[in-house]
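In: Structure of the sequence below:
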Amino acid sequence: MCGQAGGVARETSQVLGKVFTALRSEGTRPADAAREIHLRPADLDDLIIGLVVTAQEGERQRHGGGHNRPQLSVVR
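Out: Below is the predicted model:
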């Protein structure tokens, strides 16, 4: 796949996309994969930026939450 960046086709990686999809389906986060290959998560992000679309880790994922979501209500 290629994206357009200023009229020049930018390379992307279908293989890396498939790898991260497989890791995500197994419950492995990109940060976990980075540590497994002895990289800081930020360094892995720097290496793959623009090559593959990955989800960014949110606050809930970082702290293992997600089931106790705050309830929102309309205030008038």
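In: Can you list the low-confidence ranges for the protein?
Out: Of all residues in the chain, those with pLDDT under 70 make up the ranges 1-6, 10, 53-70.
In: repeat that for 80
Out: Scanning the chain for pLDDT under 80 picks out 1-13, 50-73, 76.
In: Could you point out the longest helix of it?
Out: With secondary structure taken from DSSP state H, the chain has its longest helix at helix 14-25.
In: Can you give me the buried ones in it?
Out: Gly17, Phe20, Leu23 (16 or more other Cβ atoms under 10 Å). All C-beta spots, glycine's among them, are computed from the backbone N, C-alpha and C.
In: which other helices and strands contact that helix?
Out: helix 30-36 (3 or more Cβ pairs under 8 Å, 6 or more residues apart in numbering; DSSP states H and E).
In: How about the helix it packs on, which residues are buried there?
Out: In helix 30-36, counting by 16+ other Cβ under 10 Å, buried: Pro30, Ala31, Ala33, Ala34.
In: Quick check: which element contains Leu47?
Out: In the assignment (DSSP states H and E), Leu47 maps to helix 41-48.
In: swap that for Ala9, please
Out: Element membership for Ala9 (DSSP H and E) is strand 8-11.
In: just to revisit the earlier point, the longest helix of the chain vs helix 41-48, what angle?
Out: Angle between the axes of helix 14-25 and helix 41-48 is 150 degrees (criterion: axes from the mean of the first three to the mean of the last three Cα atoms, to 10 degrees).
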